[in-house]
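Peer 1: Got a predicted structure plus its sequence, pasted below:
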Amino acid sequence: MLNLSQKGWLLGTVALLLSACSVPPSGSSTSPQADARVEEILSQMTLEEKLGQLNLVVGDLFNTGPTVNTNPSDRFDEQIRQGQITGIFNIHGAEYLHRLQKIAVEETRLGIPLIFGADVIHGFRSVSPVPLAEAASWDLKAIEASARVAGEESAATGMHWTFAPMVDISRDARWGRIAEGAGEDPYLGSLVAAARVRGFQGEDLSAPNTIAACVKHFAAYGAPHGGRDYNTVDMSERLLREVFLPPYRAAIDAGAASLMTSFNELNGVPVTGSTWLLRDVLREEWGFNGMIVSDWQSITEMEYHGFAKDRAHSGQIGMEAGVDMDMMGATYLEDLPALVKSGDVPMELIDQAVRNVLQMKMDLGLFDDPFRYGSVDREASEIRNAQQLEAVRDMARKSMVLLKNEKNLLPLSKDTRKIALIGPLALESNKGEFNGCWSFFGQPGEVVSVEAAFREAMPASSKLLVAEGCDLYSDSQAGFKQAVKTAKQADVVVMVLGESAVMNGEGASRADIGLPGEQLALLKAVHATGKPLVVLTVSGRPLELSWLDENVGTILHIWTPGSETGHAVTDVVFGDYNPAGKLPVSFPRLVGQVPIYYNYKATGRMYEGDYSEHGSERVYRSRYRDVENGPLYPFGYGLSYTEFEYGEIRLDEPEMSMNGTLTASVSVTNTGKVAGEEVVQLYIRDLVGTATRPVKELKGFQKILLEPGESTTVSFEIGTEDLAFWHDDNTWYAEPGEFHLFIGTNSDEAQMVKFRIKDASAI
Ligand code: BGC
């Protein structure tokens, strides 16, 4: 039951929400003229032509799912002539796309242009680090710039649309697709989602160098049980709304032109058939008026979920739920004609879906000039130019996270006489792995390897020794002897160890998230030489690095950094760039702790002590018997070559009134010897609520650059809307009471002060 004062805030919140609703909805940037043109075309279309506009097929470049052979690629010409396809994805080549577009506009009755899409997830030919790595930069400008490069290069080849950003929150390192998102936090994830939409779409969707974004996978695809891809998702509406939905909403508010539904079911209903999610939440509550596409056969897969009785029924459910475009299912094209004729599917639903598709093509400018994107000339000059490569190199070094640096072994001097590079990923021959998952357009041969970059960076007077040691997966230790011999000859050893590209991404869940194959054994053998050792760890997910943390002094997590890997690595390793990346996701000590995340809830039986304690305290507490509760490396963690000292937190007011603000400030000083960047992080905890609140929630951050000895004051303004949470009646508001406010260098190491939101009656 709400008391009177609570009702007061509620009214305020509702008023706020209503005023927010008067902002034009996101998605289509339609002008009234464009709408009229869409209606005009729609009025001329036959049912078959309409359904053709809802049918999306894959090209011949690569597949990301099982292929239904109703649309083999050698029949595209004829299918286009017959108006059976709205567009093709994962296809490329400006000349080829031009030829197909010509058929669509010149040889079909209504001349409706095709849309060409692709999974441009982290760069096109200039490959950026995987999105999880990009998020580790906490640098929204760099992330936006990296998406812009991807958009420009794609558009230069005639592409109109990317299936990105993927904004699924994930707290599960086992899930292979954690690589494609921004990690575990809704606040950081939302800002990254919006930055990536801005990067792809720019100011004007119809500009020939921008492409349409597609926010995916709506919704909660990142929370499959057991971390196994495509698996069931079951979660409370509170968790959904407070943690999992915000990044989709942020991408939509940033103007994402389209959205993809996910494969998973959510609380018993496959999302692709969820009227509640697609119509009530997305369209009604959020005002999304862009285009909704299914994932690869996620409409027809509703039959296998046991939600549709057959394929035609799945098409009916998808259409009723509001999925406009059917990716690779062909059920709209083939099954809906009969269902429309029988009256089971109303024509108005089809018309609305077609309207959304045509509107997106209109917004892309395709009706004005179907050939505005891409040309053979642009393809030659607007891809992998110097600026683009510099942007992905910058992104790559900004993504790297220094996990340990005992005795300041890094940065290495370029004059080190002998450096040994050891490990499967050190080799020139394995450099293609650094393109990471979802890099279909990036050429393995175009990656700068670690080996090549070391050779480039080191003076002729120094020597580089290289040994593979073992391969990525097998159980052979045949190369160990040579690796150990090589290490013994060197002054410093740099090992490059980790996952291959295919160990991340779709269908790439792992139950063991340690270094694969014999790589840990190789590391132990090399470590035993006692040589100064730097380990560069490579992955698209948090790895289990406990042995390394206990035994190796220097660890730099480089993720899969993309085309400019080697250069970015040498920039950091030799100190031309001071690393400042911070983990966007917790690294567990043991995989058994997963899901592990910083914004957990308190239990009635918390335990903060030593896990090895054997007393009555140990029993009946929320803890493990064999490992402590906390992560190995917490969310927000990352070191620098310099050090930062934080002053005391100052609040301008110890209390704020409802709808008021307060400002928290802290001075930060670079106490080390080199310039460096720090991500100053602000967290809050709401101590008591009508629903329990997480022990910490990120509410702000600032990335600052300080020269040695320099200090600055970092201030954060917090409003009560930042402290609002979801209530069962679907309203958001903050509750009065006591809060903790933390500012620090990561989610674990932060100072705390207290403040209050005044009770409304005290105002
Ligand atoms: C993936 C999507 C991707 C689509 C098209 C699906 O298997 O889940 O993320 O966009 O394939 O390639």
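Peer 2: Now that the structure is in, tell me what you want to look at. None of the values given here were measured: they were computed from a predicted structure.
Peer 1: Tell me if Gln497 really is in a strand.
Peer 2: Let me fix one detail, which is that residue 497 is Leu and not Gln. Yes - per DSSP: H, G, I helix; E, B strand; the rest coil, Leu497 lies within a strand segment.
Peer 1: That one contacts Asn430, correct?
Peer 2: No - look at Leu497 against Asn430 with CB atoms under 8 Å: they stay out of range, at 11.3 Å. Quick note: C-beta positions are derived from backbone N, CA and C, even for glycine.
Peer 1: now whichever residue of the stretch 551-700 of the chain sits closest to the ligand: how far from Pro588?
Peer 2: Nearest to the ligand in the stretch 551-700 of the chain, going by CB to the nearest ligand atom, is Thr560, at a distance of 17.4 Å. Computed as CB to CB, to the nearest Å, the Thr560 to Pro588 distance reads 20 Å.
Peer 1: who has more neighbours, those two?
Peer 2: Set side by side, Thr560 and Pro588 show more neighbours around Thr560, with 31 against 25, by other CB atoms under 10 Å.
Peer 1: Quick check: closest non-adjacent residue to the spatially most central residue of the chain.
Peer 2: Most central in the chain under CA atoms, centre = their mean is Gly181, positioned 1.7 Å from the mean C-alpha point. Leaving aside its sequence neighbours, Gly181 sits nearest to Asp168 (CB to CB, 6 or more residues apart in numbering; 4.9 Å).
Peer 1: Gln44 too?
Peer 2: Leu110 (6.2 Å).
Peer 1: re the thing from before, more neighbours: which of Leu497 and Asn430?
Peer 2: Taking other CB under 10 Å, Leu497 and Asn430 do not tie; Leu497 has more neighbours (27 against 23).
Peer 1: Where does pLDDT dip in the protein?
Peer 2: 1-30, 61-75, 610-618, 761-763 (pLDDT under 70).
Peer 1: so Glu499 sits right up against Val538, yeah?
Peer 2: Yes - Glu499 is in contact with Val538 according to CB under 8 Å; the separation is 6.1 Å.
Peer 1: Mutual contacts of the two, please.
Peer 2: Thr560 (CB atoms under 8 Å, 6 or more residues apart in numbering).
Peer 1: how many other residues sit next to the residue in the stretch 151-300 of the chain positioned nearest to the ligand?
Peer 2: The ligand sits closest to Phe163 of the stretch 151-300 of the chain, with a gap of 3.5 Å, by CB to the nearest ligand atom. Around Phe163 there are 25 other residues, counting by other CB under 10 Å.
Peer 1: Looks to me like Trp726 is in a strand.
Peer 2: Yes - checked against three-state DSSP, Trp726 lies within a strand.
Peer 1: shouldn't it be in contact with Arg238?
Peer 2: Yes - the criterion here is CB under 8 Å, and Trp726 meets it with Arg238 at 5.5 Å.
Peer 1: The two: who's more crowded?
Peer 2: Trp726 (19 against 14).
Peer 1: Name the nearest residue to that one, ignoring sequence neighbours.
Peer 2: Once flanking residues are discounted, Trp726 sits nearest to Arg241: 4.5 Å by CB to CB, 6+ apart.
Peer 1: Quick one: name the residues of the stretch 101-250 of the chain near the ligand.
Peer 2: Counting by CB under 6 Å from any ligand atom, the residues of the stretch 101-250 of the chain close to the ligand are Asp119, Phe163, Lys216.
Peer 1: hmm, 5 Å instead?
Peer 2: Asp119, Phe163 (CB under 5 Å from any ligand atom).
Peer 1: where along the stretch 101-250 of the chain do the strands fall?
Peer 2: With strands called from DSSP state E, counting those that start in this stretch, the stretch 101-250 of the chain shows them at 115-118, 161-162, 214-218.
Peer 1: Can you add mean neighbour count and give these back as a markdown table?
Peer 2: Below are these laid out as a markdown table (neighbours: other CB atoms under 10 Å):
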| stretch | mean neighbour count |
| --- | --- |
| strand 115-118 | 26 |
| strand 161-162 | 27 |
| strand 214-218 | 28 |
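Peer 1: Please convert the ones you listed to CSV, extending it with distance to Gly709.
Peer 2: Listed next are those as CSV, based on distance: least, CB to CB, whole Å:
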stretch, distance to Gly709
strand 115-118, 49
strand 161-162, 44
strand 214-218, 44
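Peer 1: Give me the nearest residue to Ala453, chain neighbours excluded.
Peer 2: Gly566 (2.8 Å).
Peer 1: Now do the strands in the stretch 451-600 of the chain.
Peer 2: 463-467, 492-498, 533-538, 554-557.
Peer 1: Now do the longest one: distance to the chain's middle.
Peer 2: Put simply, strand 492-498 sits 27 Å off its chain's centre (CA atoms, centre = their mean, to the nearest Å).
Peer 1: How about residues contacting that strand?
Peer 2: So strand 492-498 is contacted by 409, 412, 416, 418-426, 450, 454, 487, 515-516, 519, 522-523, 526, 529, 531-539, 543, 573 (CB under 8 Å, 6+ apart).
Peer 1: Contact residues of the stretch 251-400 of the chain facing the ligand?
Peer 2: For the stretch 251-400 of the chain, the contact set with the ligand under CB under 5 Å from any ligand atom comprises Asp295, Trp296.
Peer 1: which residues in the stretch 251-400 of the chain form helices?
Peer 2: 275, 302-305, 311-321, 331-341, 347-363, 376-381, 386-399 (DSSP state H, counting those that start in this stretch).
Peer 1: in the second one, what counts as buried?
Peer 2: Of the residues in helix 302-305, Met302, Glu303, His305 count as buried by neighbour count, 16 or more other CB atoms under 10 Å.
Peer 1: that older thread, what touches both of Trp726 and Arg238?
Peer 2: Ala691.
Peer 1: May I have the residues that are in contact with Val484?
Peer 2: Counting by CB under 8 Å, 6+ apart, Val484 has contacts Ala525, Val526, Ala528, Thr529.
Peer 1: Among the residues you listed, which lie within helices?
Peer 2: Counted as lying in helices by DSSP state H, out of those, are Ala525, Val526.
Peer 1: Which one of the contacts of Val484 is nearest to the ligand?
Peer 2: Once CB to the nearest ligand atom is applied, the member of the contacts of Val484 that ends up nearest the ligand is Val526, at 38.2 Å.
Peer 1: does the closest one really touch Ala467, like I thought?
Peer 2: No - using CB under 8 Å, Val526 makes no contact with Ala467, being 9.1 Å away.
Peer 1: Mutual contacts of those two, please.
Peer 2: Ile422, Ala483, Ala487.
Peer 1: Kindly present these as JSON lines, with separate columns for distance to the ligand and neighbour count.
Peer 2: Formatted as JSON lines, the shared contacts of Val526 and Ala467 follow (distance: CB to the nearest ligand atom, whole Å; neighbours: other CB atoms under 10 Å):
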{"residue": "Ile422", "distance to the ligand": "36", "neighbour count": "31"}
{"residue": "Ala483", "distance to the ligand": "38", "neighbour count": "25"}
{"residue": "Ala487", "distance to the ligand": "41", "neighbour count": "24"}
